[in-house]
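Q: build me a structure from this.
(chains A and B)
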Number of protein chains: 2
Amino acid sequence: MRISIIGSGNVATHISAALKNAGHRIVQVYSRNLHNAALLAYHVGAEATDNLNALTTDTDIFIVSVKDDAILDTVKQLDKYGKLIAHTSGAVELTPMLELTQQAGVFYPLQTFSKTKELNFRDVPMCIEGADEAITKTLENLARDISNNVSRISSAQRKVLHLAAVFACNFTNHLYGVGEGLLKDSGMSFNLLRPLIAETADKIKEHSPFTVQTGPAVRNDESTMAAHLQLLDKQPHLQDVYKMLSQDIIKNHNKVNGDR
Amino acid sequence: MRISIIGSGNVATHISAALKNAGHRIVQVYSRNLHNAALLAYHVGAEATDNLNALTTDTDIFIVSVKDDAILDTVKQLDKYGKLIAHTSGAVELTPMLELTQQAGVFYPLQTFSKTKELNFRDVPMCIEGADEAITKTLENLARDISNNVSRISSAQRKVLHLAAVFACNFTNHLYGVGEGLLKDSGMSFNLLRPLIAETADKIKEHSPFTVQTGPAVRNDESTMAAHLQLLDKQPHLQDVYKMLSQDIIKNHNKVNGDR
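A: Sure, this is the predicted structure:
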């Protein structure tokens, strides 16, 4: 396919490189900042532009990878070209796009990207949604060219996906930080905990998390939990987090094992 | 060194293999269950026994890798041999051991082991404590033979370490499970989230977690957080977890950035 990339950020950079490597042609890269457009365009052998009103029409699809709150405005300006338009956001629904164009879709890579960190795009889950079956199929095929993990995900599902990612990634990262803080306060390095964190994440590559839960809560080891709360007596908010998550683990364990 | 292994579980298995590979001699493996003792003994070229009262005295150290609540009882029975005794537990303090023997220490590998999963022992953090400087040095040297990550950790620190591991590993695994549950309820596979979880854990190998925190809470994106709480309106306990952890992230972010 002939592809135009609208945007020059992390997602635009990784997606356009993956599409080019899969044999597609990136014809043009747009950015408000011509320098940024030129940088990415150079890497993928495309033309650079900062003019949204004079884009080449010799293209099959606009992939819109701009900030969430700029997506609809951008789509409005792209509609005149009469091409397929897909955005790459986890948060923007399809319905408001459909009020601006008939040929709308979502081409959402569920991963956290940084320009400096290499990553195998074939492992990146691609979440596809289209205004109709033909568009969905087109986007699905394009996604399969760059990833082994392609799913049709509705806007309603995408919302839940984002919420699940907040629990499983944003909140877990915060808890890594809580662990680091506790170690620091007692004169220990976070390096002590890094291998165990890596192994914990590694385990769920093959297992369902609740089946490999460990720790005092799932054993209902009350004396250890009491000792831990005692250690936290100067940090009441961490006590609250400890209590709530432990109770949640116990409740969940009882439910899974049906002895409630 | 000539080493006797007391126990035949996961930790005993991994530690004795690592020590043997480092050139030490495993002379004897004890287990209450002779079959289990024989299995491990065979792998490390040792003798097997199920008699704690007739162990060989031609050894330099007993490494006691039995259940936490059996450690002190075992140590009591080993004292008569007059050798160095070190346990491998994160939870048992040194002080009660010292009431049973002078030659006591801790040789604690901070990792989660399973017999079937290979793992590079050189990455396993070894936490060392000894009754005196000579014992500490001996255990430290032994630990350096099998790991690149050796620290002197007091009993008081070990308690905090365990607590930090509960936050950074046990609680995070639970949150992985919460994420899986949310996806399942909306007809999606956990495979969508697995790569993002892996990348989140990978990031903190080089960074301090609070410096790479992402998500709606750290951006104080109130409309997204309100939408997420709305999605959880049938699961009030998850709403509570969401609120508490988000508030903790916001509070922590303000503290880190000093604008409180």
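Q: C-alpha only now, for contacts and for neighbours.
A: Fine.
Q: could you check the biggest helix by length in chain A against chain B for contacts?
A: Scanning chain A for the longest helix, with DSSP state H as the assignment, gives helix A:236-256. Yes: Helix A:236-256 comes into contact with chain B (CA under 8 Å from any CA of the partner chain), by way of A:H237, A:V241, A:Y242, A:M244, A:L245, A:S246, A:D248, A:I249.
Q: neighbour count and pLDDT for these - can I get that in TSV?
A: Output for the residues of helix A:236-256 next to chain B, formatted as TSV (neighbours: other CA atoms under 10 Å in any protein chain shown; pLDDT from 0 to 100):
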residue	neighbour count	pLDDT
A:H237	15	93
A:V241	18	96
A:Y242	21	97
A:M244	17	96
A:L245	21	97
A:S246	22	97
A:D248	21	94
A:I249	28	95
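Q: next, the angle from the longest helix of chain A to helix B:236-256.
A: Computed by axes from the mean of the first three to the mean of the last three CA atoms, to 10 degrees, the angle separating helix A:236-256 from helix B:236-256 equals 150 degrees.
Q: who touches helix A:236-256?
A: By CA atoms under 8 Å, 6 or more residues apart in numbering or on different chains, the surrounding residues in contact with helix A:236-256 are A:210, A:217-218, A:220, A:229, A:232-233, A:260, B:167, B:171, B:174, B:237, B:241, B:244-245, B:248.
Q: then stretch A:133-148?
A: Against stretch A:133-148 from outside (CA under 8 Å, 6+ apart): A:18-19, A:22, A:84, A:103-107, A:121-126, A:128-130, A:150-152.
Q: list the buried residues for stretch A:43-54?
A: A:V44, A:G45, A:A46, A:E47, A:A48, A:T49, A:D50 (16 or more other CA atoms under 10 Å in any protein chain shown).
Q: just the CA trace of it, in PDB.
A: Only the C-alpha atoms of stretch A:43-54 are listed here, as PDB (Å, rounded to 0.1, in the frame of the first residue of the first chain):
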ATOM      1  CA  HIS A  43      14.400   7.400   7.700                       C
ATOM      2  CA  VAL A  44      11.500   5.800   5.800                       C
ATOM      3  CA  GLY A  45      12.300   7.200   2.400                       C
ATOM      4  CA  ALA A  46       9.300   9.500   2.200                       C
ATOM      5  CA  GLU A  47       8.600  13.200   1.400                       C
ATOM      6  CA  ALA A  48       8.100  15.600   4.300                       C
ATOM      7  CA  THR A  49       5.500  18.300   4.600                       C
ATOM      8  CA  ASP A  50       4.000  20.700   7.100                       C
ATOM      9  CA  ASN A  51       1.000  21.700   5.000                       C
ATOM     10  CA  LEU A  52      -2.100  19.600   5.800                       C
ATOM     11  CA  ASN A  53      -3.900  21.300   2.900                       C
ATOM     12  CA  ALA A  54      -1.600  20.300   0.200                       C
END
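Q: rounded mean pLDDT for it, please.
A: Average pLDDT, stretch A:43-54: 96.
Q: what's that stretch in contact with?
A: A:16-17, A:20, A:26-34, A:37-38, A:41, A:55, A:77-78.
Q: which of those residues fall in strands?
A: If you go by DSSP state E, the contacts of stretch A:43-54 have A:I26, A:V27, A:Q28, A:V29, A:Y30 in strands.
Q: out of those, who has the most neighbours?
A: Counting neighbours by other CA atoms under 10 Å in any protein chain shown, A:V29 leads these with 32 neighbours.
Q: can you tell me how far it is from chain B?
A: For A:V29, the distance to chain B equals 27 Å [CA to the nearest CA, to the nearest Å].
Q: tell me how far the longest helix of chain A is from the chain's mean position?
A: 27 Å (CA atoms, centre = their mean, to the nearest Å).
Q: before we move on, what about stretch A:22-40?
A: With CA atoms, centre = their mean, you get 22 Å for stretch A:22-40.
Q: likewise for stretch A:146-155?
A: The answer for stretch A:146-155 is 12 Å, by CA atoms, centre = their mean.
Q: can you count the residues close to A:E99?
A: 11.
Q: revised request: answer the last question for A:H35.
A: Residues near A:H35, counting by other CA under 10 Å: 14.
Q: give me the subset of the contacts of stretch A:133-148 touching chain B.
A: Applying CA under 8 Å from any CA to these, those adjacent to chain B are A:D123, A:V124, A:P125.
Q: how about the second one, phi and psi?
A: I take that to be A:V124. When read as degrees, to the nearest 10, the backbone of A:V124 gives phi -80, psi 120.
Q: and it, how far from A:S147?
A: 6 Å (CA to CA, to the nearest Å).
Q: neighbour count winner among these two?
A: A:V124 (24 against 20).
Q: residues contacting the more buried one?
A: Counting by CA under 8 Å, 6+ apart, A:V124 has contacts A:P109, A:L110, A:Q111, A:S147, A:N148, A:N149, B:P195.
Q: and the strands in the stretch 51-200 of chain A?
A: If DSSP state E, counting those that start in this stretch is used as the criterion, the strands of the stretch 51-200 of chain A fall at A:61-64, A:84-87, A:104-109, A:126-130, A:150-152.
Q: so can I have a markdown table of these showing distance to B:D69 and mean neighbour count?
A: Output for the strands of the stretch 51-200 of chain A, formatted as a markdown table (distance: least, CA to CA, whole Å; neighbours: other CA atoms under 10 Å in any protein chain shown):
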| stretch | distance to B:D69 | mean neighbour count |
| --- | --- | --- |
| strand A:61-64 | 60 | 24 |
| strand A:84-87 | 58 | 25 |
| strand A:104-109 | 49 | 27 |
| strand A:126-130 | 49 | 27 |
| strand A:150-152 | 49 | 20 |
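Q: now render these as TSV, adding mean pLDDT.
A: Shown next, in TSV, are the strands of the stretch 51-200 of chain A (pLDDT from 0 to 100):
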stretch	mean pLDDT
strand A:61-64	98
strand A:84-87	98
strand A:104-109	97
strand A:126-130	98
strand A:150-152	97
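Q: could those strands be laid out in JSON lines, adding distance to A:A201?
A: Converted to JSON lines, those look like this (distance: least, CA to CA, whole Å):
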{"stretch": "strand A:61-64", "distance to A:A201": "32"}
{"stretch": "strand A:84-87", "distance to A:A201": "30"}
{"stretch": "strand A:104-109", "distance to A:A201": "21"}
{"stretch": "strand A:126-130", "distance to A:A201": "21"}
{"stretch": "strand A:150-152", "distance to A:A201": "22"}
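Q: quick check, nearest of the buried residues of stretch A:43-54 to chain B?
A: Comparing these against chain B with CA to the nearest CA places A:V44 closest, at 25.0 Å.
Q: please report the distance of that closest one from B:Q28.
A: 63 Å.
Q: can you check A:A143 too?
A: For A:A143 relative to B:Q28 (CA to CA), the value is 58 Å.
Q: one more: A:S154?
A: 61 Å.
Q: please apply the same query to A:K115.
A: 54 Å.
Q: could you show me where the helices are in the stretch 101-250 of chain A, in order?
A: Along the stretch 101-250 of chain A, the stretches classed as helices by DSSP state H, counting those that start in this stretch are A:133-146, A:155-165, A:172-185, A:194-203, A:222-231, A:236-256.
Q: can you put those helices in JSON lines and add distance to A:G90?
A: Shown next, in JSON lines, are the helices of the stretch 101-250 of chain A (distance: least, CA to CA, whole Å):
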{"stretch": "helix A:133-146", "distance to A:G90": "15"}
{"stretch": "helix A:155-165", "distance to A:G90": "6"}
{"stretch": "helix A:172-185", "distance to A:G90": "20"}
{"stretch": "helix A:194-203", "distance to A:G90": "23"}
{"stretch": "helix A:222-231", "distance to A:G90": "38"}
{"stretch": "helix A:236-256", "distance to A:G90": "27"}
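Q: which of these sits closest to B:G179?
A: Taking CA to CA, helix A:155-165 is the member of those nearest to B:G179, at 4.3 Å.
Q: sounds good, over and out.
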